[in-house]
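Student: Sequence first, predicted model second:
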Amino acid sequence: MAPYIRKSTRQSWDEKNMSNAIAAVNSKKMGWQKAATIYNVPATTLRRRAAKGESSKGYLGGHKTTFTKDLEEQIIKHLQELEVRFFGMTTTDLRRLAYQIAVAKNIPHRFSSENQMAGVDWLRGFRLRNPSISLRIPEATSAARARGFNKVQVQTFFKLLVDVMKQHNFEPQQIWNVDESGYSTVPSQNPKVFATKGRKQVGVLTSAERGHHYTSVCCVNALGSFIPPAFIFPRKNMKAELIDGGPTGAVGFAQEKGWMNGEVFLKWMQHFVKHAKPSKETKALLLLDGHSSHKNLEVLTFAKENHVILFCFPPHCTHKMQPLDISFFGPLNTFYNKELHMWLRNHPGRVVTHLQVAEIFKLA
């Protein structure tokens, strides 16, 4: 949709001039016509507004802005605070946030309930009304990673991290790191086996050629204590038997694609608070990546209410700075593949499904 071009000349006068004209007439320094001429405002409008005691412009019709000026200023402040913590929002994130705020505060809106986000027209108007924020064009992921992990970026991150830690006096047991990783019912890599020298093709038995995926969510603190893992299965309804034999205290969530989203991450946050037990005196610092599911309004509100401070890694740097990625998921994946092969050997004629992965994950 093209930007709207105003065609009417109504209310094209200046509010400050109208206020000065009203003050001049009320103080009897000049009459209506003279004040209207000197201050360049319509005489009839001057009479009407002086009688009502109003100098600001009224509403001409059309679509009003969804949020008040004060609420938009709060949104801007929120965006700026997130950006400082490397939690910057994309245009889609902001449109989702606008929808969530409108629904949470019961504000009448024209946003899409099907897509659960504000439209591009609202976003354009929001940016025009708030020139203090700008939109940066992202680079391609490969190039961004090569340039994103640099000395300035890393120094800025650790400076902000030190400031937050000093402000709240975090102890090692209060500093947590969470990350998600995808797994399958089929090994991602097969082990080497002995075979006849010169043989062109060597096979190994697996559950299927492609397998079924799921997501695991792990969280560890600086002392090595961990929150019981969570599993996200690609299904509509969760069944308790999917986590039978899994790690003690593990939980399972159902999501149609088996991926993390805002709704699932909110459930995981409730699981985290239950085990980490943060309080006003002993808050929890949770280090995580900038995935859109971590920026959900309900998640941010829940974290604030339950004394959890979310701190995001710089963009395109998690491959070097995410502790769980570097030191945990790599070895875990190796042992997980090993346990998958062991399970298939011990259960000939059977295949691994989602009903067995929690138990295999525990053994790994």
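Tutor: Noted; the coordinates are in hand.
Student: Only C-alpha atoms, please: export the strand or helix carrying Phe361 in CSV.
Tutor: Taking DSSP states H and E as the criterion, Phe361 maps to helix 354-363. Output of helix 354-363 as CSV, limited to C-alpha atoms (Å, rounded to 0.1, in the frame of the first residue of the first chain):
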residue,chain,number,x,y,z
HIS,A,354,10.0,-41.0,19.8
LEU,A,355,8.9,-43.4,22.5
GLN,A,356,12.6,-44.5,23.0
VAL,A,357,14.5,-41.2,22.5
ALA,A,358,14.2,-39.9,26.1
GLU,A,359,15.7,-43.1,27.5
ILE,A,360,18.5,-43.1,24.9
PHE,A,361,19.1,-39.4,25.7
LYS,A,362,19.4,-40.2,29.4
LEU,A,363,22.0,-42.9,28.7
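Student: I would like the residues contacting it, please.
Tutor: 183, 185, 212, 214, 216, 229, 231, 233, 241-247, 250, 252, 336, 339-340, 343, 352 (Cβ atoms under 8 Å, 6 or more residues apart in numbering). (Each C-beta comes from the backbone N, C-alpha and C, glycine too.)
Student: Return the set of buried residues in it.
Tutor: Within helix 354-363, the residues scored as buried using 16 or more other Cβ atoms under 10 Å are 354, 356-361.
Student: which among the contacts of helix 354-363 end up buried?
Tutor: 183, 185, 212, 214, 216, 229, 231, 233, 242-243, 246-247, 250, 252, 336, 339-340, 343, 352.
Student: wait, Glu317 sits on Val152?
Tutor: Glu isn't right for residue 317; it's Cys. No: counting by Cβ atoms under 8 Å, Cys317 sits too far from Val152 to count as a contact (11.7 Å).
Student: Of the two, which one has the most company?
Tutor: Using other Cβ atoms under 10 Å, the more surrounded residue of Cys317 and Val152 is Cys317, with 20 against 7.
Student: Would you report the backbone torsion angles of the more buried one?
Tutor: Main-chain torsions, Cys317, degrees, to the nearest 10: phi -120, psi 0.
Student: mind checking pLDDT for it?
Tutor: Per-residue confidence (pLDDT) for Cys317: 76.
Student: please renumber so the chain begins at 32
Tutor: In the new count, where the first residue is 32, that last one comes out as Cys348.
Student: quick one, phi psi at the residue nearest to the spatial centre of the chain?
Tutor: Central residue of the chain (Cα atoms, centre = their mean): Lys326, 1.9 Å from the mean position. The phi and psi torsions at Lys326 (degrees, to the nearest 10) take the values phi -110, psi 10.
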